[in-house]
Structures are given as C-alpha cells and as structure tokens.
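Enquirer: Here is the input, now give the coordinates:
(2 chains)
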2 protein chains.
Amino acid sequence: MPTYSGPVDDLQFVLHEVLKVSEQDIPGYAELERDFTGAVLGEAARIASEVLAPLNAPGDRHGARFENGVVTTPPGFKDAFETLKNGGWTGLDCDPAYGGQGMPHVLSVATGEMFSAANQAFFMYPGLTHGAYSAIHAHGSEDQKALYLPKLVSCDWTGTMNLTEAQCGTDLGLMRTRAEPQEDGSYRISGEKIFISAGDHDLAENVIHLVLARITGAPEGIRGVSLFIVPKVLVNVDGSLGAPNAVSVGKIETKMGIHGNATCVMRYEGATGVLLGEAHKGMRAMFTMMNEARLGVAMQGLSQAVAAYQNAVAYAKDRLQGRAVTGAVNPTGPADPIIAHPDVRRMLMDQKSFIEGARALGLWGGTLIDAARRKGDAEAEGLISLLTPVMKGLMTDLGFEATVQAQQVFGGHGYIEDTGMSQFARDARITMIYEGANGVQALDLVGRKLAAEGGRPALALFAMLKDFCREAAAQDAAIARDFADPLKTASKQLQQAAMFFMEKGMTSPDEALSGSWDFLHLFGHVCLGYVWTRMACTAQARLMAGTENPEFYETKLATGRYYMARRLPATEMHLKRILSGASPVMALSPDQF
Amino acid sequence: MPTYSGPVDDLQFVLHEVLKVSEQDIPGYAELERDFTGAVLGEAARIASEVLAPLNAPGDRHGARFENGVVTTPPGFKDAFETLKNGGWTGLDCDPAYGGQGMPHVLSVATGEMFSAANQAFFMYPGLTHGAYSAIHAHGSEDQKALYLPKLVSCDWTGTMNLTEAQCGTDLGLMRTRAEPQEDGSYRISGEKIFISAGDHDLAENVIHLVLARITGAPEGIRGVSLFIVPKVLVNVDGSLGAPNAVSVGKIETKMGIHGNATCVMRYEGATGVLLGEAHKGMRAMFTMMNEARLGVAMQGLSQAVAAYQNAVAYAKDRLQGRAVTGAVNPTGPADPIIAHPDVRRMLMDQKSFIEGARALGLWGGTLIDAARRKGDAEAEGLISLLTPVMKGLMTDLGFEATVQAQQVFGGHGYIEDTGMSQFARDARITMIYEGANGVQALDLVGRKLAAEGGRPALALFAMLKDFCREAAAQDAAIARDFADPLKTASKQLQQAAMFFMEKGMTSPDEALSGSWDFLHLFGHVCLGYVWTRMACTAQARLMAGTENPEFYETKLATGRYYMARRLPATEMHLKRILSGASPVMALSPDQF
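Expert: Down below sits the predicted model:
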C-alpha cells in the first residue's frame, strides 16, 4: 500500500525563501507569513496523508460506478469530501463575499499539489467545482452569483465543465448541442456531452453543469457558442431545490486511470439552462479561468510524480538486491539496498530534480496569477499567459515520465497493481491529455502566446533571464559555473528557437508548428533551469550566512546541480529538432504512413 | 476496436534488400528466398490479424482467471492456440529431430513481431514454451530431450521459467527454493516462486516448469543454484502422464497489463524434479538462451509500438478537427483530418522512424544469432552478446514511449479503454521490466559486455561503423549529408563515451555505472542510425537503378531522414549526461532523498 507525506518544508522554502511571498506587493500577501502558511500547509498535509491517500488505491480498484441511473463514488469518498468541506478547504481562495476564505491563489496551488498527490481522482470533484465557481464569479450576474456561488464555495453543490462532444474535442467550432431561447429568458438545452469529469456522483445534493451550446440561429463555428448554467436539480429563486432537470447520465467511461472519478456522458434533453455571460461569447468566458485551470493540471502532473517518487525512495532504501560496486554498504545483511546502485540513483535524481524544480515553477506561476488578479499587474498577466502552456505541457509530460521511472525502481513489483505504482502512472497519463492535450498547448504557445502583444511578454522574459544570469553569476563562482552559465546557454538556445519561428512563421507556419512541441520542452527546461538557479542562489546565500540546517541547503544545491548537468542539456536536442524545420516532419503524404 | 495488419512488405524489404538473407553464408539461409519468406510471413500476418488481434482487447478485459485452484485463459485463447499448433508455428525454428521446422531464427523474429503485436499476452504462452525448449535442447540429456522436446515443440505441453522469489529478483543469489536429492536421482523441490508468466492455464495438458533451486548443501550465493525440470503432471518414462506433481498455483497477479497471461505465484511443496544440466550451474544454463530471449522481449516492445502506431495513423486520417495552417485539405468537410497538423505528424514520424529502424535492428540481431548458432561464428556471437542489452533496453524504452505517443494522437479517446490505445501502453510497459529490467541491461552492457573479450566485439563494431560511414558517404552526396555524416558524428560520441568508461571504470566504477542507462540509449541510437543508413543506401540504389515502386523507397528515405535529423541528436544529450560523471548522481546520502 503506497503512502504519501506532504512536502511542507519544501513548499515553505519556495514560498518564503525563494519567492518571499509575504514581502511581495500583492494584496493579501502580507498575511502569508511563514507561521501562517506553515499551519495551513501542515493541516493540508495531514488531511492528504491521513484522509485522502488511504482512499487512493481502494478508489482505483473500486472505481466510480453507474447502476440503475445512479453514479456512486468509491467507499470513503463521501466522508473525505465532508472533511474537506468542514475544514473550509473547498473555498480556500474564494471570495469571502460568498463564503470563501479569500486566500491568495498561490496557497491553493500549494495545498492542491498535496491533495492531488494523495488522491487525484478524488480531488477532481472539488477541483472542477472551483472551475465552475471561477466562471460564474467572473461572468455571472449578481443574482446568479448570489444563487450559486455560496453553494459552490462550500461544495454543497459541485460543478462541471461541459465542452467535448463525440465529434468535437479540440475543435469546439464543430459543436452541435443546441440552446433554444424560451419566453421566460431561459433556454432549453439539447445535446450530448462526453468526457465530463465529476459529471455525476453521490457527494453533493446538486451538480451545476456549465455547458457550451449554440443558441438557435447563432453563427456557425466557434463564434456562435454560448455558455449556460444547467443544474442537475433546478434551483428556485430562493435557492431551494426544485424539480430534477432534464439532464441524465448516459454512461460512465472505463478509463486507463482516475477510476474514482466519474467521467460521464451527459445527456441534455430539453434541459433548462440560463445564459452565463454574453451570448455567443461562451468560449471567452470559458477561457477566463484557463490559466488557473491549466496550472492546476500542471500541478496534478507534478503531484503524481511526487507521490510515486516518495514510494520509490522508500522501496529503494528497503529492497535488498546485489552489492554496491564500490563495496558493501550493508555488509551484515544479505545484500545492499538498491539505492546504493548508481542507476537507481539516476532514476531517483531524475525524478527529484524535476519535482523540486516543477514545484518552484508552479508556485511562481501561482504568484503571477495573484499579481494579475489581485493587483491588475498586466506584465504578470502577460507572463503567466505565456508560461501557462509551457507549465501544463512540461509538468505533465515530465510528471508522467517520472511516475514511469518510479514504477521502474520497483522492478516487477511495480507492474503489479498491489504496490500502487501502476496507478500513479495511469492517473498521471490523463494530465497530458485533458484541459487541452499537450500538442494543443504547444500550438497555443507557438501560434498565439509567443507573438501575443507583439511578443512583449516573451521579450521581457528573455531580458529578465539575461539580467538574472548576470546577477546570479556575480553572486558566487560556483553558482556561475554550475548554474548561471548553463542557464545562459540554454536561454540563448531558447531565443534562437524563438527567432527561427519569427523568421519562418510568417512565410511558412508549418516550420514553426513542426517544432512546437520541442519548443515547449525547450522553453520548459529553461524555466526549470531558471527556478533551480534561483533556488541555488538562495541556498548558497543561506549557507554563506550560516544556518542551523545546512543539510537542507546542501541537498538543494546538489539536486540543482544534477538538474543543470543532467537534464538541462535536453535543450540542445530540442533546438536541433526545431532547426531541422518542417521538411522532415511534413515530407510524407497521408497515404505514405 | 483496434486492428492490426502485418507489415509483410517492410519485413521482406529488410530481409531481402537490406540483409540479403538468402545470399548469406549461414546454414539454412539459402532456403530463405523471397517467395518462401513471403508465403510464411503472409500466412503469419493473416493469423495475426484475423485470429490473434480480435482476441487482444477482449482478453485484456476478461483477463486470465484463477478460481477454485484452476487457471483459465480468456475466451478464444484455446482455439487460437490450436491454430498456432496446427500450423506448425510453435516449432518454426526448432530442431527437426524433435518435430520442429528447422527454420532459421530470423524467421521466428519476423513472425514473432507480428504475433506479439496482435496479442502479446497470448503469444507469451508459446513464447515461454520456446524458452523451455531451448534450455532443455541445450542442456538436457538425450533421454530428457526425447521425453520433453517433442511435446514442447508442438506445444502439447507448455513451458515456464521460474527464477524470481519474493526476496530475489535481479539478485538470484538470495534464492531460497531448495532441492533435496532423492535416492532415485530425482530431487524434491520446495519453495515459492513469483511472477511466473504462463505459470498455469487451460491451453495444454501439462506445464513443464524450469525451476532454479539450491541443492541441499550447495554453496551460498549464485554459484550454488541449479536448474530443474519440474512438470505440473509427472511424466512416465514412456511419455505418458502420471500423477499430479506437488506443484500448485498460489494466486495470479493483478497487473497493469498483459491481463490475458496468467502471472502466477507457484508453490513447490516437495515436488519431484530432475536436474537439467550440471549441478550448481543453473545460472549458466539459464543464460544460454538469454540473447534469444532478450531479443524476443525487444521485439515485443517494438511490436506494441507497431500495433499502436497503425491505429494512431488510422485515427489521424479519420478524425476531423481544425484546419491545416497552410490551407484546408478537406474543404468540403467540416474540418481537416488531424494528420494535416504538424504536431500530429511529429508524433507519427517519431513512431514510424523508430519502428522501421528497430525492425531492421531486430532482424539483424536475428541473423547474428543464426550465424553464431548455425555456423559457430564467434564474431557474430560476440557482437550479438554486446548488442543484446542495447536492443532489449532501447527497443522497449522507445517502444513504450511510442505507444504513449500513439495514445496521445487519440486525445481523450486514447484514455478510454474502448479504443484499445491504453492497452498497448499498459502491455508494452512490462517489456521494460521483465527478462532483466532495463537498468540491469545497462549494467550488463557497461559492466560486462563492453569489456568482454578485452573489448574486442566493441572495437570491431566501432571499426565496422567507421568503414561503413565512409562507404555510405561515397555512394551518394545526399546519403553522405543526410545519413553518413550524422551517423559518423554519433559514432564518435559513442566511442568517446566508451573511452570515458574505460578510463574511469577501473578507478571508479560509479563513474561508468552512473552513465550506464544513457550509454545504452546512446549506443542504441547509433545502432538505429546504422540500420537507417543501410536502409537508405539500399533505397537510394534502388531508385537510381530504376524500380517499379519508387514510392516505397522514397518513403523509406524520407522516414530515415526524419530519424537522422530528429531522433539521432539524442546522442549528444546522452553523451553530456555520461560525461557529467558520478558526482551529480551519487552526491546525496540515502537519507537526503
């Protein structure tokens, strides 16, 4: 049975020593003092390890079930959901006007990492509810907000996002679900949606579906799509529940992973809905909370890597096989623990150096979202919009890869479902797909974000990296050699790739798009190199100043050196792939495959 | 429902135009004329696609079952097994003296790719039987051979390999299973073995277990281990079946994939066994057929990639989403097929260029095994021993990666079990683990094979690569630029890494072992670059000479150019990781993880 322990010390290190959140000039950040966040994170870690993690493997085996038209969640999910609700965790960063705690989003990123790591399938239920909350909060009328938000904040009701249909996933312009206006201002929604996570369940008395549909007579394509609030049970104006709506579950999907979450086919058969936001601007409303939602999925990718890694470390220390090549380290035992073997170390260090870098990157992203939202910081908004596809793509691709490595540490035992290592990989796999498949993230990055605002956010980031490398190199010769210099090299490669796209993109968009996925990874490694260098500067400064806990900082430096020496060199390969251009990629006609 | 089609044309191209098997001076190869192998491969492809593939997804859902002490295989497996038996496929490359067809092993490699691609879980039953056949053929007495081989060749009886115990996987010296000598010369075997693939089932009337155990009083460690034949049902001297042996199934494992194959815990409770080969030399006997077995697993990794790729191509041509950036290719339809999108192409080309290279590599490996076995060619023996861990590690790591990419092409539909794309990834995952986890392959490569015979096979290979690059470059300027030059660069990187290990390996083995996995991948990419360059030379020569089917050869060249431009550059990253040495890998103490 796998276990999970919340990485509170490491989260605190990033929040307070690297990002220095309580010193940042963002409304609400002054509250984020070390003791306060320590208490919040400590309690979240306790719930994650004691309440959610024990339900993870059983939830995978049992799965959500659909019988006689009713969806049920695995045993224990309901009680755990009550625990989250009672602790106020579901509304941690929600508006106090509707019962939320009003905390900065970065704190939700940190607690979300732990809740997802402990039980991704479970935490999707409140996670999707938060998405519905954000959409209604941003686009709802005052009446809609008053009616729905308190119940979504408390998770007395949960929420969903209904985008996909059988014939349309990425290309939502092909949508067929229809909304027919009624005389009372409501709409009758008809159509079938698929892949609706948390689409139905037994955790709450109502489910508030946000549904994309086309109003009768609306323009074809993506510009004719509107967003609707369609409750499972109709809500009276006084907030009490009315009759069941014409919404039903067609089936739940059998999936590779996240078995505990009900992925539903939802049928709307003349269901009553109300328009959320403006007509025909449903996509815009959906995209409002995209940065936040995609960062959330990035953190899920990381979180599965963390859970898998912790169990791989425990196994590597415990499992006795063979002898260390440099001499027995457990001479009185029958064999040495496999953590003594260099290739096992290589796997663990690949995971550890990714995890700690990605955690810092995700928390930095959280502060950018807060700066954009709480302070109206346009630069932060531009930067997080640029970084969002990078973080989503990189952290889920490498997060999945890390779970596979962790599974590999277990040898044959990793392939057996009993150890739980397969589940981490199977659950992580979805993060590369949902909330925009990673190829779509790469397209968003190269086709939209890189050139957004005339390329200003990208150029600002490149300039910042240049200045930062210089400053970091000036701090210390070892930092310069091990961190700042390799980061500078990688940053130049990133700029070279961006330049290639700008030159070619206009005349031949295929040239840029053939390298989009590699660009996302090149970009992502530069970001990880950047946060690692920041962490190294911090750690080095602490060690120079003297600290009671030198081992923590020395470990941080050693892990960072591994990242810079062994993972960052991927940038060069990605650059070569990009510069080879479109011709190798597009050479064949479809029938030559 | 996924489908599979045997790649007969491509297998024929490699066998006849690249490897020119019928011209090779290896006993039995003269028979391998194009028409003959075409007929064999065509019939194998038909069985694979029509008989085995339709049972693959249902077999995954149903799984092997263990009820009331009896193991049953999924519906249809028994009939399919009879089809293989009746066609003589189970003894294709077996000794005619025992009912085999006596074909070269390379033909089994080719048919095995197809049978495994169609249904890996199923084809493991005859696959493991073939392993037991090989062991008894190599080490059995004449009586043992006469008693067991005909039944194993025909698969009237199947075979297993019993190595692993709960406390020992890679480190077989920790083995506890005991063999107590009896007065009649037999042994009483007692112990518990785990992870026994095809350990029990309903496909055959007997199962011949090959069991590693320690004879009472034998030396401790790996040198005290012997190999035994332990039938499920005792066999009388006339070959008839006697009483049930004291062998039982403890349970079957619930695994990530290969659900149709029964992975058993086997209990030996004073079971009767006979010694196979010499006492205390069980490991040596086991290792006799290791090259063949590991090449078999390498081909399994490839085979799942092929099956997944074929379905990804079909989906990419069929699924309509979005418009090609360079203008609609399906203007009268609602959207373009996703194969028009560069990033979908990138995923398909990554897969295709791996698959066709790996196929050529695997078949080349098959000819080396034949040269070693049928001709006693010591150079071929040295080379295949060197290449075996490379092929096993590379083809399963990249094969799994390819299945994940194929799944990604399907977007959300790839995560749903209905499409079958998850199964390809889940089944491929085991190939990275069993028959020696890939980290163990890397250890075997760097710790044993690289320095074997004073490094002669490695040096011979490097010299061959050098000559070959020169010859290939001389053939044609385009071949030089696109193939021979990048191969030369990569080969030099391989030699540089080997040199690094030789220099450091003596004084600090950690230096070499910290880079072992990267060395395996660097080596593997050079091998793929080599076979791609050979294929390119062949294709180019065909085109220059004039051919009725120029498209086949042009496609081959374009796919090869993709490999050289976009995948081979991984060598540089692996070299950098290797040269960074042991210190980043080994910096932390175990409690710092």
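
Enquirer: Find the least confident helix or strand in chain A, judged by mean pLDDT.
Expert: Ranking every helix and strand in chain A by mean pLDDT, DSSP states H and E puts helix A:282-288 at the bottom, with a mean of 84.

Enquirer: Give me the buried positions along it.
Expert: For helix A:282-288, burial by neighbour count (16 or more other Cβ atoms under 10 Å in any protein chain shown) applies to A:282, A:283, A:285, A:286. Where C-beta positions appear, they are placed from N, C-alpha and C, glycine not excepted.

Enquirer: Would you mind giving the domain segments of chain A?
Expert: What automatic domain parsing lists as the domains of chain A is A:8-139, A:159-281, A:289-436, A:442-586.

Enquirer: same for the strand ranked longest in chain A, what does it pack against?
Expert: With secondary structure taken from DSSP state E, chain A has its longest strand at strand A:263-275. For strand A:263-275, the packing partners by 3 or more Cβ pairs under 8 Å, 6 or more residues apart in numbering or on different chains; DSSP states H and E come out as strand A:187-197, strand A:206-215, strand A:225-231, strand A:247-252.

Enquirer: Generate TSV for those, with mean neighbour count, mean pLDDT and distance to residue A:168 as supplementary columns.
Expert: Output for the helices and strands packed on strand A:263-275, formatted as TSV (neighbours: other Cβ atoms under 10 Å in any protein chain shown; pLDDT from 0 to 100; distance: least, Cβ to Cβ, whole Å):
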stretch	mean neighbour count	mean pLDDT	distance to residue A:168
strand A:187-197	22	98	10
strand A:206-215	24	97	10
strand A:225-231	25	97	10
strand A:247-252	18	98	17
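
Enquirer: Could you work out which of these reaches nearest to residue A:530?
Expert: Closest to residue A:530 of the helices and strands packed on strand A:263-275 is strand A:187-197 (Cβ to Cβ; 32.3 Å).

Enquirer: now the angle between strand A:206-215 and that closest one, please.
Expert: Angle, strand A:187-197 to strand A:206-215, by axes from the mean of the first three to the mean of the last three Cα atoms, to 10 degrees: 120 degrees.

Enquirer: Can strand A:187-197 be said to contact chain B?
Expert: Yes. Shown here: strand A:187-197 in contact with chain B (Cβ under 8 Å from any Cβ of the partner chain) through A:194, A:195.

Enquirer: Show the backbone phi and psi for residue A:239.
Expert: With angles defined as degrees, to the nearest 10, residue A:239 sits at phi 90, psi -10.

Enquirer: And for it, nearest residue in space, chain neighbours not counted?
Expert: Nearest non-adjacent residue to residue A:239, counting by Cβ to Cβ, 6 or more residues apart in numbering or on different chains: residue A:147, 6.0 Å away.

Enquirer: Test my guess that that neighbour contacts residue A:236.
Expert: No. Taking Cβ atoms under 8 Å as the definition, residue A:147 is not a contact partner of residue A:236, at 9.2 Å.

Enquirer: residue with max distance from the center of chain A?
Expert: residue A:332 (45.2 Å; Cα atoms, centre = their mean).

Enquirer: Minimum distance to residue B:56: which of the domains of chain A has it?
Expert: For the domains of chain A, distance to residue B:56 was read as Cβ to Cβ. The smallest value, 15.9 Å, belongs to domain A:159-281.

Enquirer: And the closest one, how far out from the chain middle?
Expert: Distance, stretch centre to chain centre, for domain A:159-281: 23 Å (Cα atoms, centre = their mean, to the nearest Å).

Enquirer: quick revisit: which one of residue A:147 and residue A:236 has more residues nearby?
Expert: Ranked by neighbour count (other Cβ atoms under 10 Å in any protein chain shown), residue A:147 and residue A:236 place residue A:147 first, with 21 against 10.

Enquirer: Is that one in a helix, a strand, or coil?
Expert: helix (DSSP: H, G, I helix; E, B strand; the rest coil).

Enquirer: how close does it get to residue A:484?
Expert: 54 Å (Cβ to Cβ, to the nearest Å).

Enquirer: circling back: after the least confident helix or strand of chain A, which helix or strand is next?
Expert: The first helix or strand that comes after helix A:282-288 along the chain, using DSSP states H and E, is helix A:290-318.

Enquirer: Now that following helix: buried residues?
Expert: A:290-316.

Enquirer: So what does the residue farthest from the centre of chain A look like in phi/psi?
Expert: Dihedral angles for residue A:332 - degrees, to the nearest 10 - are phi -90, psi -10.

Enquirer: Look up how far chain B lies from it.
Expert: Using Cβ to the nearest Cβ, to the nearest Å, residue A:332 is found at 15 Å from chain B.

Enquirer: do residue A:4 as well
Expert: Counting by Cβ to the nearest Cβ, the separation of residue A:4 from chain B is 15 Å.

Enquirer: Isn't that residue up against residue A:53?
Expert: Yes. The pair residue A:4 / residue A:53 is scored as a contact, 4.1 Å apart, by Cβ under 8 Å.

Enquirer: Once you drop chain neighbours, what's closest to residue A:84?
Expert: In space, residue A:84 is closest to residue A:90, 5.6 Å off (Cβ to Cβ, 6+ apart).

Enquirer: Residue A:226 against residue A:281, yeah?
Expert: Yes. With contact defined as Cβ under 8 Å, residue A:226 reaches residue A:281; the gap is 7.1 Å.

Enquirer: any residue of the helix or strand hosting residue A:9 up close to chain B?
Expert: Using DSSP H and E, residue A:9 sits within helix A:8-12. No. Helix A:8-12 lies out of reach of chain B by Cβ under 8 Å from any Cβ, never closer than 12.5 Å.

Enquirer: can I get the CA coordinates of that helix in CSV?
Expert: Extracted C-alpha coordinates of helix A:8-12, given in CSV (Å, rounded to 0.1, in the frame of the first residue of the first chain):
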residue,chain,number,x,y,z
VAL,A,8,5.7,21.1,3.7
ASP,A,9,9.3,22.1,4.3
ASP,A,10,10.0,22.3,0.6
LEU,A,11,6.8,24.2,-0.1
GLN,A,12,7.8,26.6,2.7
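
Enquirer: C-terminal to it, what's the next element?
Expert: Downstream of helix A:8-12, the first helix or strand assigned by DSSP H and E is helix A:34-47.

Enquirer: Other residues contacting that next one?
Expert: With Cβ atoms under 8 Å, 6 or more residues apart in numbering or on different chains as the test, helix A:34-47 has contacts from A:5-8, A:11-12, A:15-16, A:21-22, A:83-84, A:87, A:89, A:103, A:107, A:110-111, A:114-115.
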